[in-house]
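Asker: need the 3D shape of this:
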Amino acid sequence: MIQRRSALAALATLPLAAPRLSRADDKTLRLLVGFPAGGGTDAIARLLGEALQAALGTTVLVDNRPGAGGQIAAQALKAAAPDGNTLFVSHDHTISILPLVLKHPGFDPAKDFVPVAGFATFANALALSGGTPAASLPEYLAWVKKQGGQGNVGVPAPASVPEFLVKLLGEKHGLNLLAVPYRGSAPMISDMLGNQVSAGVGSVPDLIVNHQQKKLRIVAVMGQQRQPVLPEVPTFAELGIAGFEDLPYYGLFAPAGTPTATLERLSQALAGVIAQPAVKARLTELGLSVGLMTSAQLASRERAYAAAWARIIKAGGFQPQ
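Answerer: As a prediction, this is how the structure comes out:
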């Protein structure tokens, strides 16, 4: 965990949920998060939870189930009652990528979950640790080459988009870049701050605060264009590295079988929340591009994103574990 409280942790205004909540408590909405407290997804969930609590007039608790790239939280959602009292705040890795890289993930998003709505897209980025003597991606690659062509790059989860990016980057430049997987972004960033790894790949929401505080240096971002919160940072495409233009997404998911009326009520509440200027501004500060996706639009994006990465994963020779 990051030792210093960051602006992300400062958003943690909601209490953490107890490990289990009573199914009979129909006045409590539980937001599952598949990553540790203090990371970007946790901060986003707490911000949304606070606003949803006011909008719905009900208690909202954030329930962190870190580990396995969100797999544990996803399995908890599958096991939850389809009553609208348990939702999953998740991004692309758990929903679109894990089913591609695991033989037995313990859940099938198409059968076990139903999208409530999407609320943002974001970019993954490559950041350099403070002790790494480079100020750009080309400088970093040249520095690795001088170290014998070997370098360790942190990633927040194994068999993730960041890991595949590290692999492709190494292959393109003839370097032995080793992706070092962590149990979430928080421990990865902690090691980056301690110069235990020379670089890391994670989401802009996870990296932005330390970049702004000049503790880390974001040197490249995914997407077709530069991120508004990082106008000085080039895209991978600008640097001659194609294939990372499609941006991942964030959404709310419910257990399959949740009543349509309940899903519509939750979707409308989320739409109202992200339209609030203060909420939208804070999400934007975290590096998100805020915009509502209906349940159908989120499902379509989920399928398209999975299909695109299935081709990349297959071309890279990765075998599901």
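
Asker: which parts of the protein are strands?
Answerer: Using DSSP state E, the strands of the chain run over 28-33, 59-64, 86-91, 113-121, 124-129, 150-155, 176-181, 199-203, 216-221, 249-255, 289-293.

Asker: just the buried positions in the last one, please.
Answerer: Using 16 or more other C-beta atoms under 10 Å as the test for burial, strand 289-293 gives 289-290, 292-293. (Each C-beta comes from the backbone N, C-alpha and C, glycine too.)

Asker: try the first one
Answerer: Along strand 28-33, these residues count as buried under the neighbour rule (16+ other C-beta under 10 Å): 29-33.

Asker: and it, what does it pack onto?
Answerer: When contacts are defined as 3 or more C-beta pairs under 8 Å, 6 or more residues apart in numbering; DSSP states H and E, strand 28-33 sits against helix 40-56, strand 59-64, helix 71-79, strand 86-91.

Asker: quick one: mean pLDDT over the last one.
Answerer: Think strand 86-91. Computed over strand 86-91, the mean pLDDT rounds to 96.

Asker: residues in contact with the helix or strand following that strand?
Answerer: Next in sequence after strand 86-91, counting helices and strands by DSSP states H and E, comes helix 92. With C-beta atoms under 8 Å, 6 or more residues apart in numbering as the test, helix 92 has contacts from 161, 248-249, 302, 305.

Asker: how far out from the middle of the chain is helix 92?
Answerer: 7 Å (C-alpha atoms, centre = their mean, to the nearest Å).

Asker: for stretch 188-201, same thing?
Answerer: Distance, stretch centre to chain centre, for stretch 188-201: 17 Å (C-alpha atoms, centre = their mean).

Asker: now do the helices in the stretch 151-300 of the chain.
Answerer: Using DSSP state H, counting those that start in this stretch, the helices of the stretch 151-300 of the chain run over residues 161-173, 185-193, 204-212, 260-275, 277-285, 295-315.

Asker: pipe the ones you listed into CSV and attach distance to residue 87, mean neighbour count and mean pLDDT per row.
Answerer: Formatted as CSV, the helices of the stretch 151-300 of the chain follow (distance: least, C-beta to C-beta, whole Å; neighbours: other C-beta atoms under 10 Å; pLDDT from 0 to 100):
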stretch, distance to residue 87, mean neighbour count, mean pLDDT
helix 161-173, 23, 21, 91
helix 185-193, 21, 23, 93
helix 204-212, 19, 24, 93
helix 260-275, 7, 16, 97
helix 277-285, 17, 15, 95
helix 295-315, 13, 16, 89
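
Asker: I figured residue 174 hits residue 141, correct?
Answerer: No: the criterion here is C-beta atoms under 8 Å, and residue 174 misses it with residue 141 at 9.6 Å.

Asker: pretty sure residue 305 is touching residue 248, no?
Answerer: Yes: here residue 305 reaches residue 248: they are 6.8 Å apart, a contact under C-beta under 8 Å.

Asker: related to what we said a few turns ago, just put the helices of the stretch 151-300 of the chain in CSV and tack on distance to residue 55.
Answerer: Shown next, in CSV, are the helices of the stretch 151-300 of the chain (distance: least, C-beta to C-beta, whole Å):
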stretch, distance to residue 55
helix 161-173, 32
helix 185-193, 28
helix 204-212, 22
helix 260-275, 5
helix 277-285, 10
helix 295-315, 18
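
Asker: right, and those - which one's nearest residue 70?
Answerer: Closest to residue 70 of those is helix 185-193 (C-beta to C-beta; 11.8 Å).

Asker: of residue 174 and residue 141, who's got more company?
Answerer: Between residue 174 and residue 141, counted using other C-beta atoms under 10 Å, the more crowded position is residue 141 (20 against 9).

Asker: tell me where the model's unsure across the stretch 1-150 of the chain.
Answerer: Low-confidence segments of the stretch 1-150 of the chain, defined by pLDDT under 70: 1-26.

Asker: how many neighbours does the residue lying closest to residue 113 once chain neighbours are set aside have?
Answerer: Excluding its sequence neighbours, the residue lying closest to residue 113 (C-beta to C-beta, 6 or more residues apart in numbering) is residue 253, at 4.6 Å. Using other C-beta under 10 Å, residue 253 has 27 neighbouring residues.
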